[in-house]
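# This is a predicted model, with the sequence first.
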Amino acid sequence: MKTIPRLRFALLPTQVEALPRLSAALGGPRLFVKRDDQTGLAMGGNKTRKLEFLLAEAQANGARTLITAGAIQSNHCRQTAAAAARYGFECILLLTAPQDKPAQAPEVSTGNLLLDQLLGAEIVWAERQNREQALKDTFQQAWEAGRRPYLIPYGGSNPTGAAAYAYAMQEFIEQQVPIDWIVFPSSSGGTQAGLALGKRLFSYPGQVLGISVDEEASVLQERVANLASKTADLLGERMEFAPADILVNADYLGGGYGVMGEKEKEAIYLFASQEGLLLDPVYTGRAAAGLIDLIRNGFFEPDQAVLFWHTGGAPALFADRYQELV
Ligand SMILES: *Cc1c(COP(=O)(O)O)cnc(C)c1O
């Protein structure tokens, strides 16, 4: 396997912990969690691992400004802003407001948006419909101004970012906790592509199941399979992934991206009250709701071990739009 450039700022390995009280409360299989919410970079999350490789590539390219895009409560944008601050890059974030809100700064900044500003990022607002064009324009302007921009895609999900989760799978295997199923939220697909590739590269015998946050199964499976094949290529390995190789459950899309419903609420309360673990309203709350429902429907055997790969996101709990949580 080829090694690719990497900076080291994540707190690794992240812990694997047993969840005995949650397992008992659900009367289900033995549950575990892997704490990628504790990767250490400005409140952590799964983007930290990807950014170790993306920033190394930006440095190698002589970039001075990182540009990325996401939703107003994007964890990816917050962690990119933090990594930029730590390594002396300027950072421009292109943010899109929720559907019902205008494309401009809200009156008060809460949750991840507050942190983006604290971390010194410049923020550009865009309408959802023309965000691709706005991103191109932002990049072009930075280029013409001599700011040497480097574009990080949505969620950091290109082969460079996804490679981080192939290594994360290797880390997990070395922790030697026998697990039958790994369950986690999947959206831009880099996390799942990396884990699927890592499963093959390092011969992990268990199953890797992504709970789709905002996309129908066939679309996400195709995206992840493509990305996994390209990531293998980047690492000098010839491996083809087909959509059928990628396990996705898209039964829990609820009210759409970023809309917190009763199921997400229940999951957030259950993890908090049984294990002192904080989930988020957009990603881990939805994936945990899916996991809980699968357990109740007898999807797993009672003697199996199931690991919830916690991808972070709790800063969004403090966003004004989720204040109806309590
Ligand atoms: C970005 C994100 C995800 C989704 O990961 P992808 O690699 O984009 O599929 C899941 N959970 C949290 C908390 C995230 O911020």
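It's in. Residues are numbered from 1 along each chain as shown.

# Please see if the longest helix seen in the chain touches the ligand.
If you go by DSSP state H, the chain has its longest helix at helix 217-234. No: applying C-beta under 6 Å from any ligand atom, one finds helix 217-234 out of contact with the ligand, separated by at least 8.2 Å. The C-beta positions use only the backbone N, C-alpha and C, and glycine is treated the same way.

# Show residues contacting the following helix or strand past that helix.
Next in sequence after helix 217-234, counting helices and strands by DSSP states H and E, comes strand 247-249. Residues from elsewhere that reach strand 247-249 (C-beta atoms under 8 Å, 6 or more residues apart in numbering): 186, 192, 207-212, 217, 220-221, 224, 290, 294.

# Leu195 is in contact with Asp245, correct?
No: Asp245 is not in contact with Leu195 according to C-beta atoms under 8 Å; the separation is 11.9 Å.

# And the longest helix of the chain, how far out from the chain middle?
15 Å (C-alpha atoms, centre = their mean, to the nearest Å).

# tell me which residues in it are buried?
By 16 or more other C-beta atoms under 10 Å, the buried positions in helix 217-234 come out as 217, 220-232, 234.

# Repeat that for stretch 11-24.
Thr14, Val16, Glu17, Leu19, Leu22, Ser23.

# Let me see the domain layout of this structure.
Split into domains by automatic domain parsing, the chain comes to 16-45+158-323, 47-156.

# can you tell me which residues contact the closest residue to Arg30 other than its chain neighbours?
The spatial neighbour of Arg30 that comes closest, neighbours along the chain excluded (C-beta to C-beta, 6 or more residues apart in numbering), is Ala305 at 4.6 Å. Going by C-beta under 8 Å, 6+ apart, Ala305 touches Pro29, Arg30, Leu31, Phe32, Val177, Pro178, Ile179, Asp180, Trp181.

# Now restrict those residues to buried residues only.
Buried among the contacts of Ala305 (16+ other C-beta under 10 Å): Pro29, Arg30, Leu31, Phe32, Ile179, Asp180, Trp181.

# Kindly indicate which of those residues lies nearest Thr311.
Of all the buried ones among the contacts of Ala305, Phe32 has the smallest distance to Thr311: 14.8 Å, by C-beta to C-beta.

# who in the protein is up against the ligand?
So the chain meets the ligand at 45-46, 75-76, 155, 157, 185-192, 280, 283-284, 311-313 (C-beta under 6 Å from any ligand atom).

# hmm, try it at 8 Å
Selection of the chain residues close to the ligand by C-beta under 8 Å from any ligand atom yields 37, 45-47, 50, 74-76, 154-157, 161-162, 165, 184-194, 210, 213, 280, 282-284, 287, 311-313.

# ok so, going back, identify, from the buried residues of helix 217-234, the entry nearest to Glu171.
Looking across the buried residues of helix 217-234 and measuring by C-beta to C-beta, the closest to Glu171 is Thr231, at 16.3 Å.

# From the ligand, how far off is the closest one?
12 Å (C-beta to the nearest ligand atom, to the nearest Å).

# Do you know the pLDDT at that residue?
You'll see Thr231 listed with a pLDDT of 98.

# how much space is there between it and Asp214?
Going from Thr231 to Asp214 by C-beta to C-beta, to the nearest Å gives 21 Å.

# dump the residue contacts of Val282.
Gln73, Val213, Tyr257, Gly258, Met260, Gly313, Ala316.

# Now do the same for the fifth one: helix, strand or coil?
Applying DSSP: H, G, I helix; E, B strand; the rest coil to Met260 yields a three-state assignment of coil.

# contacting residues for it?
Contacts of Met260 by C-beta under 8 Å, 6+ apart are Pro281, Val282, Gly285, Tyr322, Glu324, Leu325.

# and the spatially closest residue to Arg296 that is not a sequence neighbour, what is it in contact with?
What sits nearest to Arg296 in space, not counting adjacent residues and going by C-beta to C-beta, 6+ apart, is Leu26, at 7.3 Å. Going by C-beta under 8 Å, 6+ apart, Leu26 touches Leu270, Ile292, Ile295, Arg296.

# Quick check: Leu26 vs Pro185, distance?
Leu26 is 18 Å from Pro185, by C-beta to C-beta.

# how many neighbours does Ser273 have?
Around Ser273 sit 12 other residues, with neighbours defined as other C-beta atoms under 10 Å.
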